[in-house]
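# next comes the sequence, and after it the predicted model I'd like to discuss.
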Amino acid sequence: MLPRKYALGCRHFLKIAVLCGIMSSIANGNEPIQWKFRKDERVAIEVDQNSVIQESSRTETKIRQRTSIVWDVIDVDSTGIATIEHKTQRVRLSVSEPKEELSADSDTDTTASALHPKLQGIWAIAIAPMKSTFRFRLNSLGDIVDYETSKTTDTTDNLKVVVAFPKDGPKIGEPWTVQSQMEKDRSTLLLTTSYQLVGKETVDGRDLSKIKTSTAFKLDKGSEAKLVNQNAFGLIWFDPVQGKVARSENHQEIGIELDNEGTTTTQSIQQSTEISYRFESMQR
């Protein structure tokens, strides 16, 4: 059966790559590496996340979550700061065990109560971002300046752009670090992500800047979970001409301990996430 403490132990980590899966330096001739947006532009983001979870001696559970997200660029000011409307359009979830496979699709499965009981808790977490559409402002470094919303949610609190650049611009071989945090269920997950520009790679005729990443996690002292081991690394391919990420991939292995009324259980989580980006004009 599904690990009974699955949601408590893993939901922190299942969202990291979604958004968990953005100054200048010279790459591709004279093109700086920075985020660029145009008014009325649409960025279609596809997130494909695969997780394998093992709790103590129980059978492993495989989870695949595919999320379709849209960023509509409402405006871009004279300094390059873009006002972006964020919408989660579709979520597809599948859970696989040796003797059972379950799935759900937000296009057809609108309520958690109609699903198999094993899916209901995970599905409620997966589709929560679909309940809120909000706007935020993003500068050319990839920093979120502010939100245009009167009410914050888990989605706004935990929104992360896949890459943020240093003020002086990335230089080949020189790492830079970005610290952030995610809030969930009165617990705080602290993230320290290291980036390093390693050079260029030609993909489908485009010269892309290749960036290597690694991330360290830390839970606050009040968390019911304890990290016992971790390893997270990835790659980002950034198009300096378009001023956006072309695609990214991330892999992580996490071991955690959970204290359930004096009984300690362990969970091992292996997760791979691929994010692809497509750019088009908004249909008005």
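Arrived safely, thanks for sending.

# shaky segments in the chain?
Screening the chain residue by residue with the criterion pLDDT under 70, one finds the ranges 1-31, 57, 110, 112-113, 149-158, 183-187, 283-284.

# neighbours of Phe134, how many?
19 (other CB atoms under 10 Å). In short, each C-beta sits where N, CA and C put it, glycine included.

# any idea what it is bridged to?
Beta-bridge partners recorded for Phe134 (DSSP bridges): His86.

# go on, His251?
Phe233, Ser272.

# distance of it from Asp207?
Distance, His251 to Asp207, by CB to CB, to the nearest Å: 25 Å.

# please apply the same query to Tyr195.
From Tyr195 to Asp207 the distance is 19 Å (CB to CB).

# same check on Gln271?
30 Å.

# more neighbours: which of those two?
Under the criterion of other CB under 10 Å, the comparison of Gln271 against Asp207 puts Gln271 first, with 22 against 15.

# wait, that one touches Val47, no?
No - judged on CB atoms under 8 Å, Gln271 makes no contact with Val47 at a distance of 11.9 Å.

# what ranges do the helices span in this protein?
6-14, 117-127, 154-158 (DSSP state H).

# which parts of stretch 274-284 are buried?
With burial defined by 16 or more other CB atoms under 10 Å, the residues of stretch 274-284 counted as buried are Glu274, Ile275, Tyr277, Phe279.

# how far does that stretch sit from the chain's center?
How far stretch 274-284 lies from its chain's middle: 17 Å, per CA atoms, centre = their mean, to the nearest Å.

# cool, and stretch 98-112?
On CA atoms, centre = their mean, the centre of stretch 98-112 falls 22 Å from that of its chain.

# which residues sit against it?
59, 90-96, 115-116, 118-120, 123-124, 127, 130 (CB atoms under 8 Å, 6 or more residues apart in numbering).

# quick one, which of these are buried?
Buried among those by 16+ other CB under 10 Å: Val91, Arg92, Leu93, Ser94, Val95, Leu115, Lys118, Leu119, Trp123, Ile127.

# my guess is the fifth one meets Gln120, correct?
What it means is Val95. No - contact status for Val95 versus Gln120: not in contact, 11.2 Å apart, counting by CB under 8 Å.

# noted, bye for now.
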